[in-house]
Structures are given as C-alpha cells and as structure tokens.
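Enquirer: here is my input, please return the structure:
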Amino acid sequence: MILLVALSVGTMSWLRQFPAHSGEARAQVEAIEGVVSGLQTSLPSLGPIVEATTRAAAWARQKPVAGKVSIDLEELRETLKQLEKEEEGLTMARASLVGAQAEVKARSATLKPMLSDAVWPDQLKSALRAGRDLLLLLGWPLALALALVYILNSDKAKDRIAALSKSLQKVSLPGGVEFTLWCEDFRQSQSETFRKFRTDVQAEYDKLAERHTIKDTLARILKDTIEPCMREIEKTEPLNYRATIHVRDVLLKDAYYQLVDYQPTGGNRGRAWSVRFGMVGRAWRLESDSWNGEVPGVTENLIQDWGLTRDEAQRPGNQTMLCCILKAGTGVPVGALYMDAKGKHKFGSAEQMKALAGKMQKAAETSGLIASLEAIWEDIRKKVPLVEIYGNGS
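Expert: Model (predicted):
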C-alpha cells in the first residue's frame with residue numbers, strides 16, 4: 001500500500017508538468033489527487049497492526065527456562081484479541097486499496113487521450129518548422145517565376161528593363177569572359193541623364209539667386225563702385241565690359257559655376273568649368289585675386305598657366321581680365337566676381353586693377369553679397385549629390 005501511494009504521488013507530480021488545456025482534464029487530475037490523499041490518510045491506521053504483530057513475534061521467540069516455558073496467558077489472550085481487532089481494520093484497508101487502485105486506473109484511462117490532445121502545440125510547431133524549411137527551399141525559384149510573369153505581362157516593366165540595359169557598360173561572365181556595352185544608345189542615354197541633372201541644378205541655382213536678389217546686388221556694385229573707377233581710367237571712351245559671379249558647382253566636384261548672366265550684356269549663366277581651367281580656375285585654386293591687362297600671346301603659356309587645350313588657347317577672346325575671389329569672414333572662398341573687356345588694359349595698370357579688386361571685395365561685404373552666397377551654398381548642397389568625375393583619392 002505504501003508503494004502504491006508513493007507511485008501515485010510521483011504520477012501526480014508528473015501530470016502537473018502538463019498544462020491544463022481543458023476543464024475536464026483538470027477535473028480528472030484533481031480526482032486522482034483526492035484518491036491519493038485518502039490513501040495517505042489511511043496509512044497511520046496500520047501502525048497498531050504492525051505493533052501487535054511485533055509483540056506476538058517477540059512472545060513466540062521467548063526461550064524455555066529450566067526445561068519449562070514461561071507463558072503469560074493473560075498477555076497472550078490480550079495479544080490475540082488485538083490481532084483479531086486489527087485484522088478487521090486490515091481487511092477494510094485492503095478493500096480501500098483495491099477500490100483506490102481501480103479508480104486510479106479508470107481516471108488514468110480517461111486522462112490519457114486528453115494528454116495526447118494537449119501536446120498538439122508541439123506537433124503544430126513541427127509542422128510550421130517543416131513549412132518554413134520548404135518555403136526557404138522554394139522561395140527564390142517562386143519569386144523568380146512571379147517576376148518573370150510580371151515582366152512578360154507589364155509594359156512598364158519592359159521599359160524599365162530596357163532603360164537598365166542601356167545603363168550597363170560591361171557584363172562579366174564566369175570564366176573571365178567580359179562584354180563591353182558602349183553603344184550609341186548608351187552614350188545618348190547618359191548624355192540625356194547628365195543634361196537633366198544640369199538643368200535641375202540650374203533651376204535650383206536660379207531660384208536661390210532670385211530669392212537672394214544676386215542679380216540686383218551685382219548691378220548696384222557695378223553702378224556704385226566699379227563703373228566710377230573705370231570712368232576715371234577710361235575718361236574719353238564709353239564703358240565696354242561685362243561682369244558676372246561664379247560660385248562653387250554643386251553637381252561636379254572641383255568645378256565652378258556661373259550663377260548669373262553677364263552684366264550689362266546678358267546671357268551665359270548656368271555654365272560650369274573645372275577649377276583647373278582658365279584664369280578664374282587658377283585664381284580659385286590659389287584663393288587669391290588675379291588680373292591680366294592682356295592675354296599672353298604664346299599658346300604654350302596659356303596651356304601651361306591656364307590649363308587650356310591647344311584649340312582653346314588659339315581661339316580669340318577678351319584681352320583684359322580681372323577676377324576677385326570673394327571670401328567669407330573665415331577666409332573661405334564663397335564666390336568669384338569676374339570682369340573682362342575686349343581691348344587691352346581696359347581696367348588700368350596692374351596697380352589699378354589690384355586696387356579695383358580690393359574695392360570689389362569690400363563692396364561685396366557691405367552689400368550682403370558674400371552672406372547671400374554663403375546662404376545659397378548651404379541651401380543647395382543639401383539637395384544635390386556632388387559627383388566626382390576623376391577618382392584622385394589615395
């Protein structure tokens with residue numbers, strides 16, 4: 001009986017590890033717990049039976065004294081009565097044990113299907129895991145099949161693939177095989193793309209220049225500062241010059257951009273050059289003012305000093321040039337005020353041009369032109385990616 005109780009208690013501990021997925025299963029578990037509790041309660045009643053049996057065994061082991069057996073009849077009668085009484089209790093306990101055993105078996109038989117049903121989440125996890133593995137195995141082929149169906153049935157997708165194929169320059173295949181796709185369609189496509197970029201950049205520059213009234217500010221500087229100085233130099237001849245403002249180009253790295261049309265002649269805004277080109281590029285790189293009363297007549301000098309090609313150096317152009325590098329309070333260049341004229345020495349001697357450049361810098365500061373150019377750069381550089389044409393990084 002003690003062994004049955006111990007087994008029942010162990011069984012209940014094991015059953016409690018399973019979650020109660022239904023009220024019926026919980027009821028079965030609680031019923032078995034009640035049976036076990038009754039068995040544990042009946043255990044103390046076996047104590048007297050064991051004690052009486054122990055006394056009888058001790059009496060039977062008594063040794064004879066002087067050839068005779070010393071028997072306490074009264075004690076023997078008392079022990080027999082006690083054995084008869086405890087026998088009745090043992091019979092009742094045996095009956096309770098048989099009933100409890102039968103009830104535990106019945107309850108266990110009812111509970112087994114419930115426990116089998118309770119493990120369905122583990123079975124579901126296994127099924128989901130198998131489904132995931134299958135999806136990973138067939139995912140890419142299925143995605144490619146759907147993409148192919150979409151491409152075959154979508155005109156927009158076909159156009160996008162055609163545009164992508166035009167932008168491909170080189171195709172590499174396994175085994176070191178390469179195909180260069182530099183056809184006329186590719187060149188035309190890339191030219192159109194770059195022209196669109198430049199058009200968008202010019203539109204943004206024009207909007208900012210209009211917002212900061214750059215053209216009007218330049219006109220005031222020319223009228224109030226530059227032209228009075230030029231009249232002192234060219235007292236008998238009418239003024240014949242043009243001026244504009246260049247700023248850092250936001251589309252191409254290491255390039256400068258013509259922000260406004262020439263004043264007072266008009267035209268040519270939106271052009272861009274490398275900082276390695278011309279007198280303006282040289283002044284930009286040196287971050288200092290530059291001037292020439294006449295363009296050097298030797299082609300090799302223009303190629304070497306101004307970065308021109310031979311064809312560019314041989315083209316006729318204006319002779320007098322003056323470039324004032326406009327600097328912020330930190331000393332960083334923010335723009336260039338450029339002037340030129342057709343004749344030679346139209347802006348006076350080298351000393352006069354140097355003084356004129358100083359007046360241009362001061363006028364740009366007092367008029368707010370330099371502050372406006374700083375604001376334009378801070379605004380536009382956040383909107384357009386800066387493209388590096390030549391990879392000169394280390």
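Enquirer: from now on I want contacts and neighbour counts done on CA atoms only, so please keep to that.
Expert: Fine.
Enquirer: helices of the stretch 151-300 of the chain, residue ranges please.
Expert: 155-167, 184-211, 214-221, 227-233, 278-286, 299-306 (DSSP state H, counting those that start in this stretch).
Enquirer: only C-alpha atoms, please: export the fifth one in PDB.
Expert: Presented in PDB, the C-alpha positions along helix 278-286 are these (Å, rounded to 0.1, in the frame of the first residue of the first chain):
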ATOM      1  CA  GLY A 278      41.300  79.300 -67.200                       C
ATOM      2  CA  MET A 279      42.300  82.300 -65.200                       C
ATOM      3  CA  VAL A 280      39.300  82.000 -62.900                       C
ATOM      4  CA  GLY A 281      40.100  78.400 -62.100                       C
ATOM      5  CA  ARG A 282      43.700  79.400 -61.400                       C
ATOM      6  CA  ALA A 283      42.600  82.200 -59.000                       C
ATOM      7  CA  TRP A 284      40.100  79.800 -57.400                       C
ATOM      8  CA  ARG A 285      42.800  77.200 -56.700                       C
ATOM      9  CA  LEU A 286      45.200  79.900 -55.400                       C
END
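Enquirer: what sits up against that helix?
Expert: Residues outside helix 278-286 that contact it (C-alpha atoms under 8 Å, 6 or more residues apart in numbering) are 256, 273-276, 289-290, 305-308, 323, 325, 333, 336, 338.
Enquirer: next, the buried residues of that helix.
Expert: Within helix 278-286, the residues scored as buried using 16 or more other C-alpha atoms under 10 Å are 278-284.
Enquirer: list just the nearest of those to residue 78.
Expert: Nearest to residue 78 among the buried residues of helix 278-286: residue 284, at 129.7 Å, using C-alpha to C-alpha.
Enquirer: how close does that closest one sit to residue 353?
Expert: According to C-alpha to C-alpha, to the nearest Å, residue 284 stands 17 Å off from residue 353.
Enquirer: for stretch 92-107, the averaged confidence score.
Expert: Across stretch 92-107, the average pLDDT comes to 67.
Enquirer: follow-up on the earlier one: which of the contacts of helix 278-286 are buried, as a PyMOL select command?
Expert: The PyMOL command for the buried members of these (criterion: 16+ other C-alpha under 10 Å) is given here:
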select buried, resi 256+273+274+275+276+289+290+306+307+308+323+325+333+336+338
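Enquirer: distance to residue 364 added to the helices of the stretch 151-300 of the chain, as JSON lines?
Expert: Shown next, in JSON lines, are the helices of the stretch 151-300 of the chain (distance: least, C-alpha to C-alpha, whole Å):
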{"stretch": "helix 155-167", "distance to residue 364": "45"}
{"stretch": "helix 184-211", "distance to residue 364": "15"}
{"stretch": "helix 214-221", "distance to residue 364": "7"}
{"stretch": "helix 227-233", "distance to residue 364": "15"}
{"stretch": "helix 278-286", "distance to residue 364": "17"}
{"stretch": "helix 299-306", "distance to residue 364": "26"}
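Enquirer: pLDDT below threshold where in the stretch 101-250 of the chain?
Expert: Applying pLDDT under 70 to the stretch 101-250 of the chain flags residues 101, 103-105, 107-125, 135, 138-140, 150-190.
Enquirer: how about the contacts of helix 278-286, which pair is most distant?
Expert: Farthest apart among the contacts of helix 278-286 by C-alpha to C-alpha are 308 and 333. That separation is 23.1 Å.
Enquirer: what residues are up against residue 300?
Expert: The contact partners of residue 300, taken as C-alpha under 8 Å, 6+ apart, are residue 310.
Enquirer: just the closest of the buried residues of helix 278-286 to residue 242, please.
Expert: Checking the buried residues of helix 278-286 against residue 242 with C-alpha to C-alpha, the nearest one is residue 280 at 14.7 Å.
Enquirer: thinking again about what came up before, among the helices of the stretch 151-300 of the chain, which is the most enclosed?
Expert: Of all the helices of the stretch 151-300 of the chain, helix 278-286 carries the top mean neighbour count, a mean of 20, counting by mean count of other C-alpha atoms under 10 Å.
Enquirer: before we move on, back to that, specify the stretch among the helices of the stretch 151-300 of the chain that is closest to residue 386.
Expert: So among the helices of the stretch 151-300 of the chain, helix 184-211 is nearest, using C-alpha to C-alpha, at 11.0 Å.
Enquirer: ok, for residue 264, nearest residue in space, not its chain neighbours?
Expert: Leaving aside its chain neighbours, residue 264 sits nearest to residue 242 (6.0 Å; criterion: C-alpha to C-alpha, 6 or more residues apart in numbering).
Enquirer: tell me how far that neighbour lies from residue 376.
Expert: Using C-alpha to C-alpha, we find residue 242 at a distance of 23 Å from residue 376.
Enquirer: what do you get for residue 261?
Expert: 17 Å.
Enquirer: and residue 353, how many neighbours?
Expert: Residue 353 sits with 25 neighbouring residues when counted by other C-alpha atoms under 10 Å.
Enquirer: which segments of the chain make up each domain?
Expert: Listed by automatic domain parsing, the domain ranges of the chain are 2-62+70-118, 194-380.
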